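Q: I need the structure of the sequence given here:
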Amino acid sequence: MFRTLSRARSWALIVTLPLGAQVNVLTYQYDNSRAGANLNETVLTPANVNQSQFGKLFSFPVDGYVYGQPLYVGNVNIAGKGTHNVVLVATEHDSVYAFDADDSAGTKAAPLWHVSFINPGAGVTTVPASDTGCGQIAPEIGVTSTPAIDPLSGTVYVVAMTKETAGGSASYVHRLHALDISSGAERPSSPVAIRATYPGTGEGGNTLVFAPRNYKQRPGLLLLNGVVYTAFSSHCDIGTYHGWLMGYDAKTLAQVSVYNNTPNGNQGSFWTGGAAPAADANGNIYLVAGNGTFDFTGARGDLGESYIKLSSAGALAAVDYFAPFNFSQLDEADLDVGSAGVALMADEAGSASHPHLMVGAGKEGRIYLLDRDNLGKWQAGSDGQIVASLPGAIGGLFGNPAYFNKAVYFGGSGDNFKAFPVTNATLGTSPSSQSSASFGFPGGVPSISANGTSNGIAWLLESSATLHAYDASNLGHELYNSNQNSSRDALASYVKFSVPAIANGKVYVGTQESLTVFGLLRGAAMAVANAASGQAGVTAPGAIISIYGSGLAQTTMSATGLPLPSTLAGASVTVNGLTAPIFYASPVQINAQVPFQTPVGSATVAVKLGGNVVGSSGITVQNVAPGLFLASGGHAAALNQDGSANGPSNPAAAESVVSVFLTGLGPVDHGVATGAAASANPLSQVSGNVSASFGGQSALVTFAGLAPGFAGLYQVNIRVPQVPAGSQALQVAVNGAGSNSGGISVR
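A: Reported below is the predicted structural model:
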């Protein structure tokens with residue numbers, strides 16, 4: 001059975017596959033799960049992150065503290081400046097900067113664009129910390145949270161706070177801005193001043209009015225189903241305040257929803273050490289409230305000191321919650337659970353009775369493992385109604401935990417960096433590994449980089465202004481820290497609760513006065529890997545490979561059509577002297593096709609720039625080297641029988657046929673020229689024996705061959721067997737040689 005890929009949705013999914021290693025960071029901690037794991041990092045590995053091969057590359061000066069996580073978008077066409085991979089940061093001086101993500105040499109030392117939301121000559125400034133009576137964020141308040149980016153419209157959403165003096169009186173304003181990522185220009189209808197009211201339920205039922213001066217926009221922004229959500233906290237617990245969450249239409253910036261968690265009480269603000277609200281595939285939002293009134297008796301009760309699940313369908317409404325048994329003592333001692341957000345965990349960590357988990361912790365240092373389908377509400381005397389409550393496990397947590405490969409990671413204050421195992425919805429009572437060093441207040445927010453489940457690195461930025469990298473499978477093994485070669489790599493300063501962003505071989509760190517970029521040092525060995533699986537050093541004739549290094553190309557370019565070019569962005573590639581056509585080229589990565597006529601055995605991949613060899617690497621060419629392309633979250637890049645993209649919110653039915661996409665499946669019965677598009681008539685079917693399995697169960701392969709209209713890309717159609725609902729691990733094999741595995745969602 002063969003199904004055409006001519007549908008527009010199919011093209012949109014498949015055309016980007018050869019660039020699978022090019023990762024965007026569009027929101028706090030990579031995606032709305034807030035699990036803090038980039039599972040598509042193929043450049044940085046435990047083998048090359050060390051002080052001899054990895055270090056500080058360059059820095060860009062900025063005009064204020066960077067509290068939000070840096071964000072990354074590849075292949076942005078900047079007006080008048082060409083195509084760049086872009087890293088964005090926002091500062092407390094009410095600025096947003098776009099920098100070249102790969103280099104700071106020459107003209108790239110200046111921002112690609114810079115937007116400021118202040119105008120001192122007109123009386124518009126940042127907010128002095130002294131105006132709030134609070135020194136938690138000092139000396140000024142401007143943009144505090146991590147922005148969010150919509151890659152389809154190319155829009156950056158950011159909230160800025162300003163003080164505006166006119167006629168001798170001062171007002172304080174929060175504004176939501178929507179900026180064009182290519183220029184920083186305001187979108188139509190942008191900006192909009194943030195205002196809100198909410199019906200009170202206390203005595204007299206007074207309407208609550210959002211008072212901008214009394215709040216800071218602390219948690220990262222959430223972009224969900226066409227709505228931008230922004231949450232607020234108080235300044236130093238001063239006066240009467242509440243937790244506010246407001247939703248704005250991403251296109252028009254019209255306010256569409258408002259939620260207040262203590263409408264007849266006080267406090268309960270949302271701050272979470274800067275962590276953004278999490279969201280699941282069904283559109284539910286998960287928030288954690290700080291100290292405050294807890295007396296939830298109905299839809300409009302008070303949910304201070306609580307984990308809250310909100311439905312975003314229509315008006316925001318609390319549909320479930322969990323409050324610790326000792327919420328009153330936590331409130332009195334200022335040990336709020338809302339000092340950190342939550343990480344939604346992959347279903348692999350769950351069980352049949354608890355398939356959908358999330359994890360969090362607060363200042364008390366107790367870990368809460370919660371069932372997202374039944375948070376547990378409140379129970380006197382103990383937390384026995386929830387999946388797990390582990391007291392005294394860590395130091396107080398600020399920011400977020402992270403989740404990777406059936407383990408949760410915590411950088412607690414005054415504690416070691418710790419990983420706890422989670423298997424079959426059971427939380428280990430002691431760490432599976434921990435760092436030898438402990439870190440003072442406020443600990444650190446972990447961020448994970450990995451290639452699927454392999455090459456995991458756990459990154460932590462902590463208060464000694466040090467960036468640490470640990471083997472994620474063993475936190476006792478520190479790979480690197482920025483003070484090992486302090487004259488080269490030391491950071492000048494640190495911002496509390498901040499978290500680095502890891503993308504495409506680089507680590508981006510915001511400080512009090514700069515954006516600092518770490519990566520593989522010039523002269524570090526060039527690496528070659530399967531573009532789909534990331535397997536290093538092995539390929540097959542006709543396969544797509546990814547080449548990693550530094551100074552590989554003059555700029556960032558993608559091929560615009562087929563046949564593929566032999567030179568792109570000034571770079572050319574050969575495999576044992578044979579020209580390898582190029583899909584994509586940038587200074588740090590090239591994706592190319594191994595010539596079909598390359599003989600099996602040892603080979604040398606060489607990159608030339610301007611006629612000069614800038615890197616080479618040995619590689620083994622095999623008859624087959626299957627690699628399965630993956631989408632986000634470790635899912636296979638797959639199409640359902642109707643041509644729609646397979647995923648948790650769009651699973652495939654048993655007995656239906658799914659199409660998956662690979663490279664390196666070897667010879668076909670109708671040859672195709674290297675770099676050219678495969679034909680639909682005749683089809684080029686794989687000569688070898690292709691098999692597939694779902695969760696270890698054999699599945700019928702109905703077609704295996706080159707995908708028509710593409711170069712180096714193979715399509716395999718597979719009938720879904722009768723397997724349990726959920727994410728099933730798919731593996732494809734050719735002549736017994738197995739690919740990497742990826743999840744297929746089945747209903």
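Q: quick one: the strands in the stretch 51-200 of the chain?
A: In the stretch 51-200 of the chain, the segments counted as strands under DSSP state E, counting those that start in this stretch are 54-61, 71-78, 82-91, 95-100, 113-116, 124-125, 127-128, 140-141, 148-150, 155-166, 169-180, 192-193, 197-198.
Q: one more: the stretch 601-747 of the chain?
A: Using DSSP E, counting those that start in this stretch, strands in the stretch 601-747 of the chain cover 601-609, 612-621, 627-628, 638-639, 657-663, 690-694, 697-699, 701-706, 714-719, 726-734, 737-738, 742-746.
Q: now the first one against strand 612-621, angle please.
A: Orientation note: strand 601-609 sits at an angle of 160 degrees relative to strand 612-621 (axes from the mean of the first three to the mean of the last three Cα atoms, to 10 degrees).
Q: what mean pLDDT does strand 601-609 have?
A: Strand 601-609 carries an average pLDDT of 96.
Q: pull the CA atoms of that strand into CSV?
A: This file holds the C-alpha atoms of strand 601-609, laid out as CSV (Å, rounded to 0.1, in the frame of the first residue of the first chain):
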residue,chain,number,x,y,z
GLY,A,601,33.8,0.6,4.2
SER,A,602,35.7,3.4,5.9
ALA,A,603,35.3,6.9,4.4
THR,A,604,36.3,10.4,5.1
VAL,A,605,33.8,13.3,5.2
ALA,A,606,35.4,16.6,4.4
VAL,A,607,34.0,20.2,4.4
LYS,A,608,35.5,22.9,2.3
LEU,A,609,34.8,26.6,2.7
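Q: where does pLDDT dip in the stretch 201-350 of the chain?
A: The model of the stretch 201-350 of the chain has pLDDT under 70 over residues 201-205, 297-300.
Q: dump the strands of the stretch 51-200 of the chain into JSON lines; add mean pLDDT as well.
A: Shown next, in JSON lines, are the strands of the stretch 51-200 of the chain (pLDDT from 0 to 100):
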{"stretch": "strand 54-61", "mean pLDDT": "97"}
{"stretch": "strand 71-78", "mean pLDDT": "94"}
{"stretch": "strand 82-91", "mean pLDDT": "94"}
{"stretch": "strand 95-100", "mean pLDDT": "98"}
{"stretch": "strand 113-116", "mean pLDDT": "98"}
{"stretch": "strand 124-125", "mean pLDDT": "98"}
{"stretch": "strand 127-128", "mean pLDDT": "98"}
{"stretch": "strand 140-141", "mean pLDDT": "98"}
{"stretch": "strand 148-150", "mean pLDDT": "97"}
{"stretch": "strand 155-166", "mean pLDDT": "96"}
{"stretch": "strand 169-180", "mean pLDDT": "97"}
{"stretch": "strand 192-193", "mean pLDDT": "98"}
{"stretch": "strand 197-198", "mean pLDDT": "94"}
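Q: just to revisit the earlier point, just say which of the strands of the stretch 601-747 of the chain is most tucked in.
A: Burial of these is given as mean neighbour count (mean count of other Cβ atoms under 10 Å); strand 627-628 ranks first at a mean of 27. (C-beta placed from N, C-alpha, C; glycine too.)
Q: thanks a lot, catch you later.
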